[in-house]
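1. how would this look folded up:
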Amino acid sequence: MRLREQTRADHASAQGTAYFDALLAGRLDRAGYAALAAQLFFVYETLEAAAEAMRDDPVAGAFVFDELHRVPALRADLAHLLGADWEARIAPGESTSEYRDRLREAAFTWPAGFVAHHYTRYLGDLSGGQIMRQSLQQAYGLTDAGTSFYSFAGVRPGAFKKHYRELLDEAPWDAVEQDRFVDEISLAYRLNVALVDEVGRAVLPPESGEEAA
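-> Residues are numbered from 1 along each chain as shown. Modelled structure (predicted):
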């Protein structure tokens with residue numbers, strides 16, 4: 001409850017962006033949608049490498065769930081959206097590179113740091129995934145191919161999130177470490193906002209940004 005309350009404003013800022021407004025309204029083309037998937041691929045590639053590094057940690061290891069991993073889904077989506085040569089056609093943006101740098105600093109050796117970034121991405125994906133998937137399929141004429149990032153086969157979101165919050169409550173962090181954990185989540189939200197904003201600047205027509213402003 002403390003985590004929710006102290007990061008409420010950060011969470012709200014991560015949801016309200018001009019890019020997502022345009023995406024869900026169907027005002028972008030498939031390339032505009034693929035631009036976000038490409039940047040998320042680089043983020044999840046790093047985050048899931050951190051999961052391997054943390055797998056045997058007595059605390060962080062409890063948060064490594066293979067069924068959540070998104071890299072295989074992103075690979076499939078990008079191949080569908082951009083073609084077989086998709087890897088040669090994408091590169092991390094400046095904000096994505098900064099995000100990955102922070103993951104390398106915080107998520108590979110600091111258990112609470114790993115969990116902070118894991119929580120920010122995966123619970124967000126689970127919370128809004130089904131709605132995003134349906135909206136994208138309708139707006140861009142996609143099926144499961146192209147939207148598999150938002151599909152978590154075999155995972156019941158409500159039960160999973162309840163279990164995840166129980167793990168957070170049980171984490172043996174003192175007050176100082178809890179404060180660091182909450183601060184890292186706030187930073188993770190800001191990094192996500194910066195990534196999406198950069199994608200938006202690249203793919204939105206100028207008038208979209210002006211209208212949103």
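
2. start to end distance for stretch 107-114?
-> Its start and end residues considered, stretch 107-114 measures 4 Å (Cα to Cα, to the nearest Å).

3. for the helix or strand containing Ser135, what is the average pLDDT?
-> Using DSSP states H and E, Ser135 sits in helix 124-140. Over the span of helix 124-140, the pLDDT mean works out to 88.

4. try stretch 185-196
-> 95.

5. returning to what we had before: which helices and strands sit right next to the helix holding Ser135?
-> When contacts are defined as 3 or more Cβ pairs under 8 Å, 6 or more residues apart in numbering; DSSP states H and E, helix 124-140 packs onto helix 18-24, helix 30-54, helix 157-170. (C-beta placed from N, C-alpha, C; glycine too.)

6. which stretch in those has the least confidence?
-> Per-stretch averages of pLDDT across these put helix 18-24 at the bottom, with a mean of 91.

7. Enumerate the positions of that one that are buried.
-> 18-20, 22-23 (16 or more other Cβ atoms under 10 Å).

8. Spit out the contact partners of Leu204.
-> By Cβ atoms under 8 Å, 6 or more residues apart in numbering, the residues touching Leu204 are 18-19, 22, 28, 32.

9. Check Asp66 too.
-> Taking Cβ under 8 Å, 6+ apart as the test, Asp66 contacts no residue whatsoever.

10. Likewise for His118?
-> Residues counted as contacts of His118 (Cβ under 8 Å, 6+ apart) are 47, 51, 63, 107.

11. My guess is the first one contacts His117. True?
-> In other words, Leu47. Yes. Counting by Cβ atoms under 8 Å, His117 is a contact partner of Leu47 at 6.1 Å.

12. list the residues that contact both of these two?
-> 103, 107.

13. So for stretch 64-72, mean pLDDT?
-> 97.

14. From Gly141, how far off is the residue nearest to Gly154 when sequence neighbours are not counted?
-> Leaving aside its sequence neighbours, Gly154 sits nearest to Glu67 (Cβ to Cβ, 6 or more residues apart in numbering; 6.0 Å). Distance of Glu67 to Gly141, given as Cβ to Cβ, to the nearest Å: 28 Å.
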